[in-house]
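K.L.:
pasted the sequence and its predicted model underneath.
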Amino acid sequence: MSRIYFDNAATTPLDPEVMEIMVRAYQELHGNPSSIHEEGRRARAAIEQARKEIAVSLNSSIGEIFFTSGGTEANNMALKCAVRDLGVQRIISARTEHHCVLHSLDALRRDQGTETVFVRQTQDGRLELEHLESLLASGGPKTLVSLMHANNEVGTLANLQEIGTLCRRFGAYFHTDTVQTLGYYPINLKELPIDFLAGSAHKFHGPKGVGFIYINQQNALRPFLDGGSQERNMRGGTENIAGILGMAAALLKAYGEIDSRRAKIREVRDYLAQRLEEAIPDIEWNGDPFGQGHYKLLSVGFPPGPKTELLLLNLDIAGIAVSGGSACSSGADAGSHVMDALKKDSPRKTIRFSFSHHNTLQEVDYLMEQLKKIGI
């Protein structure tokens with residue numbers, strides 16, 4: 001059997017149809033979108049069509065979508081510009097956020113004196129909204145709440161409607177990292193009380209190195225990257241035309257196939273969970289996968305033992321790609337700040353399986369065969 005890829009929360013394979021669109025863009029749209037000649041106008045028109053497609057997919061205004069190099073830039077822009085331009089002095093977040101948010105909070109605390117407060121969470125990663133409400137009700141300086149939609153390591157989902165409503169009631173801004181959920185869950189920005197939202201194409205079978213930020217039109221920010229007048233004067237730099245077109249095509253396809261993809265992914269995830277429970281009775285699930293959890297992820301706590309310590313490496317040798325947590329810290333299996341926050345000092349070995357609609361039940365069977373050979 002060829003290699004099996006169960007690490008789709010880290011990144012997803014580029015969709016062949018998306019690749020074709022990008023290749024055509026490289027071949028046919030070689031003009032600079034800022035140029036006024038025909039080649040430039042054609043490139044500009046293509047970018048604006050992609051912006052419209054993304055805006056329609058999320059039910060936002062076209063003028064609220066700005067292209068970036070990915071989710072990390074979008075999250076940095078939301079947090080740092082809110083402090084610089086909107087007078088935010090306190091940010092309420094969670095210890096399980098992606099490192100691009102946590103490290104931005106560290107930088108803001110160091111360089112701007114911004115206060116950081118963390119919402120309490122249950123052991124499965126759910127946010128204690130009563131605690132959030134009490135933090136917001138306590139008054140204090142201008143506040144931004146930054147909470148991700150689905151955790152990238154354990155998959156626990158946050159209720160964006162409830163969080164946004166609390167923020168509106170107490171006059172706080174709301175930023176959410178939806179990198180793991182765009183294309184997997186409908187997001188209606190006309191209905192959700194969200195100020196800033198981040199997305200990244202490579203999580204829904206688009207290209208790497210391109211993403212976007214949604215900025216609610218009521219919030220006036222200055223550019224995060226200074227340069228030319230691109231992106232309505234909001235982000236300097238010549239646009240990544242092929243990447244932007246690929247992202248829009250991938251998002252349209254993801255939402256067009258959302259029901260069938262969800263059904264396939266859930267079938268594979270649930271089958272793996274069943275097989276693991278049968279083979280390893282004291283297996284543990286991290287997060288809340290069968291309740292308030294993203295159907296794309298299954299974070300598993302394997303019982304401690306000498307065989308589990310090298311499980312990640314041995315599965316790779318067997319041709320199976322999985323993760324020990326986030327893929328964004330380094331190339332090494334360096335441990336997980338998320339698991340440290342939720343289950344500190346747990347002796348169990350965490351393996352994150354994350355799926356796409358390309359995965360099959362036969363791949364799960366092969367995985368179980370290899371786990372048996374390894375001695376798990």
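P.N.:
Arrived safely, thanks for sending.
K.L.:
pull the contacting residues for S260.
P.N.:
Listed by C-beta atoms under 8 Å, 6 or more residues apart in numbering, the contact set of S260 reads H357. (Glycine included, C-beta is placed from N, CA and C.)
K.L.:
that one falls within a strand, correct?
P.N.:
No - when DSSP: H, G, I helix; E, B strand; the rest coil is applied, S260 is found to be helix, with no strand at that position.
K.L.:
looking at it now. What's its pLDDT?
P.N.:
At S260 the predicted local confidence, pLDDT, stands at 98.
K.L.:
for the one 10 residues further on, same thing?
P.N.:
D270 is assigned a pLDDT of 98 by the prediction.
K.L.:
ditto for V56
P.N.:
You'll see V56 listed with a pLDDT of 98.
K.L.:
which SSE is immediately downstream of the strand or helix carrying it?
P.N.:
Assigned by DSSP states H and E, V56 belongs to helix 38-58. Scanning forward in sequence from helix 38-58 by DSSP H and E, the next helix or strand is strand 65-68.
K.L.:
for the stretch 101-250 of the chain, which segments count as strands?
P.N.:
For the stretch 101-250 of the chain, applying DSSP state E, counting those that start in this stretch gives strands covering 115-118, 143-146, 173-177, 196-200, 211-215.
K.L.:
of these, which approaches K373 most closely?
P.N.:
With C-beta to C-beta, the closest approach to K373 among the strands of the stretch 101-250 of the chain belongs to strand 196-200: 35.8 Å.
K.L.:
can I get the strands of the stretch 101-250 of the chain in a markdown table including mean pLDDT, mean neighbour count and distance to L371?
P.N.:
Shown next, in a markdown table, are those (pLDDT from 0 to 100; neighbours: other C-beta atoms under 10 Å; distance: least, C-beta to C-beta, whole Å):
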| stretch | mean pLDDT | mean neighbour count | distance to L371 |
| --- | --- | --- | --- |
| strand 115-118 | 98 | 16 | 36 |
| strand 143-146 | 98 | 24 | 38 |
| strand 173-177 | 98 | 25 | 32 |
| strand 196-200 | 98 | 28 | 31 |
| strand 211-215 | 98 | 27 | 35 |
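K.L.:
need these in CSV with distance to I320, can you?
P.N.:
As requested, the strands of the stretch 101-250 of the chain are exported to CSV (distance: least, C-beta to C-beta, whole Å):
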stretch, distance to I320
strand 115-118, 35
strand 143-146, 34
strand 173-177, 28
strand 196-200, 25
strand 211-215, 28
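K.L.:
out of the ones you listed, flag the one nearest R109.
P.N.:
Across these (criterion: C-beta to C-beta), the nearest stretch is strand 115-118, sitting at 5.6 Å.
K.L.:
hmm, G375 is touching E309, no?
P.N.:
No - taking C-beta atoms under 8 Å as the contact criterion, G375 and E309 are not neighbours in contact, 11.7 Å apart.
K.L.:
re earlier: what's the angle between the helix holding V56 and strand 196-200?
P.N.:
Taking axes from the mean of the first three to the mean of the last three C-alpha atoms, to 10 degrees, helix 38-58 and strand 196-200 form an angle of 110 degrees between their directions.
K.L.:
name the helices or strands packed onto helix 38-58?
P.N.:
Using 3 or more C-beta pairs under 8 Å, 6 or more residues apart in numbering; DSSP states H and E, the elements in contact with helix 38-58 are strand 65-68, helix 241-256.
K.L.:
any low-confidence regions in the stretch 251-376 of the chain?
P.N.:
Under the criterion of pLDDT under 70, the regions of the stretch 251-376 of the chain flagged as low confidence span 325-334.
K.L.:
all helices of it, in order?
P.N.:
Residue ranges of the helices in the stretch 251-376 of the chain, as given by DSSP state H, counting those that start in this stretch, are 258-279, 306-309, 311-317, 337-342, 361-374.
K.L.:
turn the ones you listed into JSON lines, including distance to G87.
P.N.:
JSON lines is the format used below for the helices of the stretch 251-376 of the chain (distance: least, C-beta to C-beta, whole Å):
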{"stretch": "helix 258-279", "distance to G87": "38"}
{"stretch": "helix 306-309", "distance to G87": "49"}
{"stretch": "helix 311-317", "distance to G87": "45"}
{"stretch": "helix 337-342", "distance to G87": "29"}
{"stretch": "helix 361-374", "distance to G87": "51"}
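K.L.:
so which of those helices is nearest I54?
P.N.:
Between I54 and the helices of the stretch 251-376 of the chain, the shortest separation by C-beta to C-beta is 15.3 Å, and it involves helix 258-279.
K.L.:
just the angle between the closest one and helix 361-374, please?
P.N.:
For helix 258-279 and helix 361-374, the angle between their directions (the same axes, to 10 degrees) works out to 30 degrees.
K.L.:
can you say which of the strands of the stretch 101-250 of the chain is nearest to E48?
P.N.:
Put simply, out of the strands of the stretch 101-250 of the chain the one that sits nearest E48 is strand 211-215, at 13.4 Å, with distance taken as C-beta to C-beta.
K.L.:
quick one: the closest one to chain centroid distance?
P.N.:
Relative to its parent chain, strand 211-215 has a centroid offset of 12 Å by C-alpha atoms, centre = their mean, to the nearest Å.
K.L.:
tell me what that strand is packed against?
P.N.:
Contact partners of strand 211-215 among helices and strands, from 3+ C-beta pairs under 8 Å, 6+ apart: strand 65-68, helix 71-86, strand 196-200.
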